[in-house]
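No sequence on hand, only this structure:
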């Protein structure tokens, strides 16, 4: 089993900051606030029906399966090599438009902060490429250096959150709250906005499973994983509940749109309390938090091609770490190259930009599919005896099976919500068909890739067995 060099391993504080960068995102606050106070109980509901099952599954499956690859390895070893490959394939594919979107968003923030023309495509593209190259270079240097941007980003996010809550407290003390919480309706309407919000909330809570990708790069091993999961759960609740409520105090729901963006709402909030001059600094901290989360996710995503290299789905070069930095160099370069291609295509013209928008919409669906595999794997393992010495939720097998079912059902509901047609579109069913067809295309391409790799492995090894034998499950 390949492991990072001892000097490259993350200590507990670094691991906690890294996980917070991956598992939380300030931009989701504005999306939730745009739905109004009814989003607050949805945050709590998702905590119990998705995050807690996800955290329990992450802790148990990390202890049960010792191989590289996290969620990919869990599905592979519990459900078989094809399920594992498709799980990892969808997980990795969904990250590509996510990365490209963050780069375009960050370039727009930088252009606006410098007083440039937001419509200058060449300038935006240059900044996006520069950020992409910087993040790729930082990851190539290993976690010893790659941890710092996520660490600074997490710190920046908490400063921005403190500013938001402070503004809300000032306005509340003045009796100027934009939302009257006592008289508000907390029943979420059954419409497209609520359907989109449920999928968004589950996506906002996701990410903690990524700790398993770094299990061999964490000091303290499984104990660190469990402690960090608890910290991310508490931090997520504070950020999402506190931040959403604060935004509803600062601005009325009518002025909060999911398309308006977090930065616009933040700027207006600062102006309301007479400190609009602080906007550039606070928005810069918000951009830093975005960059930190992006860097953390980039490092996690690169571990999937690395694990695929270990399983010989990719050439052996992808299974190698740098001797000094511990970085999976080939995997990082592959991911960085694909990310740059998407960024360039997204700004190459109207028709290509439309294709890029479709990829972003499709990622809402594809990002949920790996969790179906994950909870199915947990459901199978939950009926086995716990791993000796490892953490397990109290209550025995019934509780573990119940958590697996709750997480699986919540994920399936999120997938159904992502398919809800937008009544605001001129042709809502066309958008629905495009997303479904595109997702099926990703599935078919992944299936073909698996079959070709499987055939090459069999030809090379001279065996008629499966490409990757499922490893025995502890217990």
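Nice, thanks for sending it over. Computed from a prediction, not measured in an experiment: that's the story for all the values here. Numbering: from 1, shown residues only.

Please name every helix or strand in contact with whichever strand or helix holds residue 444.
Using DSSP states H and E, residue 444 sits within helix 428-461. Here helix 428-461 touches helix 81-113, helix 350-366, going by 3 or more C-beta pairs under 8 Å, 6 or more residues apart in numbering; DSSP states H and E. Where you see a C-beta, it was placed from the backbone N, CA and C, and this is true even at glycine.

For it, buried residues please.
Neighbour-count burial for helix 428-461, counted by 16 or more other C-beta atoms under 10 Å, picks out 431, 435, 438-439, 442-443, 446, 449-450, 453-454, 457.

same check, this time on stretch 204-224
Buried residues in stretch 204-224, counting neighbours by 16+ other C-beta under 10 Å, are found at 204-218, 222, 224.

Next, the distance between the ends of that stretch.
22 Å (C-alpha to C-alpha, to the nearest Å).

swap in stretch 140-153?
Start-to-end, stretch 140-153 (C-alpha to C-alpha) is 19 Å.

Quick check: mean pLDDT of it?
Averaging pLDDT along stretch 140-153 gives 75.

The stretch 151-300 of the chain: helices as residue ranges?
Applying DSSP state H, counting those that start in this stretch to the stretch 151-300 of the chain gives helices spanning 192-205, 222-237, 243-250, 262-272, 279-301.

What is the distance between the shortest one and the centre of its chain?
Averaging C-alpha coordinates over helix 243-250 and over its chain gives two centres that are 23 Å apart (C-alpha atoms, centre = their mean, to the nearest Å).

Equivalent analysis for the last one, please.
Distance, stretch centre to chain centre, for helix 279-301: 13 Å (C-alpha atoms, centre = their mean).

Report the angle between that helix and helix 262-272.
150 degrees (axes from the mean of the first three to the mean of the last three C-alpha atoms, to 10 degrees).

Worst mean pLDDT among the helices and strands packed on helix 428-461?
Among these, helix 350-366 has the lowest mean pLDDT, at a mean of 51.

and the next helix or strand after it, what does it pack onto?
Elements were assigned by DSSP H and E; along the chain past helix 350-366, the next helix or strand is helix 369-382. In terms of contacts (3+ C-beta pairs under 8 Å, 6+ apart), helix 369-382 is packed against helix 52-64, helix 71-79, helix 81-113, helix 396-418.

quick one: which of these is nearest residue 267?
If you check each of the helices and strands packed on helix 369-382 against residue 267 by C-beta to C-beta, helix 81-113 wins as the nearest, at 10.1 Å.

quick one: buried residues of that closest one?
Neighbour-count burial for helix 81-113, counted by 16+ other C-beta under 10 Å, picks out 81-111.

which helices and strands does it pack with?
helix 71-79, helix 121-140, helix 279-301, helix 303-310, helix 329-346, helix 350-366, helix 369-382, helix 428-461.

now the angle from the third one to helix 81-113?
This means helix 279-301. Orientation check (the same axes, to 10 degrees): helix 279-301 against helix 81-113 gives 160 degrees.

and helix 279-301, average pLDDT?
The average pLDDT for helix 279-301 rounds to 81.

which one of the helices and strands packed on helix 369-382 lies closest to residue 230?
Nearest of these to residue 230, taken as C-beta to C-beta: helix 52-64 at 7.9 Å.

helices and strands around the closest one, which ones?
Taking 3+ C-beta pairs under 8 Å, 6+ apart as the contact cut, helix 52-64 packs with helix 222-237, helix 369-382, helix 396-418.

which residues make contact with that helix from outside it?
With C-beta atoms under 8 Å, 6 or more residues apart in numbering as the test, helix 52-64 has contacts from 70, 74, 205-206, 208-209, 211-212, 215, 222, 225-226, 229-230, 232-233, 371, 374-375, 377-378, 381-382, 384, 386-387, 390-393, 400, 403-404, 406-407, 410, 473-475.

How far off centre is stretch 263-282?
27 Å.

residues of it that come out buried?
263-270, 272-273, 279, 282.

Stretch 278-298 now?
Those would be 279, 282-283, 285-298, for stretch 278-298 by 16+ other C-beta under 10 Å.

Please tell me how far residue 85 sits from residue 281.
Distance, residue 85 to residue 281, by C-beta to C-beta, to the nearest Å: 46 Å.

same check, this time on residue 140
Distance from residue 140 to residue 281, by C-beta to C-beta: 31 Å.

What of residue 228?
Distance, residue 228 to residue 281, using C-beta to C-beta: 30 Å.

how about the helices of the stretch 151-300 of the chain in a markdown table, adding distance to residue 322?
Below are the helices of the stretch 151-300 of the chain laid out as a markdown table (distance: least, C-beta to C-beta, whole Å):
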| stretch | distance to residue 322 |
| --- | --- |
| helix 192-205 | 32 |
| helix 222-237 | 23 |
| helix 243-250 | 38 |
| helix 262-272 | 36 |
| helix 279-301 | 14 |
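
Nearest residue to the middle of the chain?
residue 207 (4.7 Å; C-alpha atoms, centre = their mean).

what sits against it?
Contacts of residue 207 (C-beta under 8 Å, 6+ apart): 19, 22-24, 297.

what's the distance between it and residue 22?
Distance from residue 207 to residue 22, counting by C-beta to C-beta: 4 Å.

what do those two both touch?
In contact with both residue 207 and residue 22: residue 297, using C-beta under 8 Å, 6+ apart.

For residue 70, grab phi and psi.
phi 50, psi -130 (degrees, to the nearest 10).

Can you tell me, leaving aside adjacent residues, what's nearest to it?
If the residues on either side of it in the chain are set aside, residue 70 comes closest to residue 212, at 3.6 Å by C-beta to C-beta, 6 or more residues apart in numbering.

Can you give me every residue that contacts the one you found?
Shown in contact with residue 212 (C-beta under 8 Å, 6+ apart): 58, 61-62, 70-71, 73-74, 225.

okay, it: pLDDT?
At residue 212, the pLDDT value in this model is 80.

Same check on residue 371?
93.

Distance check, it against residue 397.
Counting by C-beta to C-beta, the gap from residue 371 to residue 397 is 22 Å.

more neighbours, the two?
residue 371 (29 against 13; other C-beta atoms under 10 Å).

tell me the phi and psi of the closest residue to residue 252 other than its chain neighbours?
Once flanking residues are discounted, residue 252 sits nearest to residue 178: 4.3 Å by C-beta to C-beta, 6+ apart. Here is the backbone geometry of residue 178 (degrees, to the nearest 10): phi -80, psi -10.

you'd agree residue 178 is up against residue 265?
No: counting by C-beta atoms under 8 Å, residue 178 stays clear of residue 265, with 11.2 Å between them.

Now do the buried residues in stretch 29-43.
For stretch 29-43, by 16+ other C-beta under 10 Å, it's 29-40, 42-43.

Residue 294 contacts residue 101, correct?
No: using C-beta under 8 Å, residue 294 is not in contact with residue 101; the gap is 9.7 Å.
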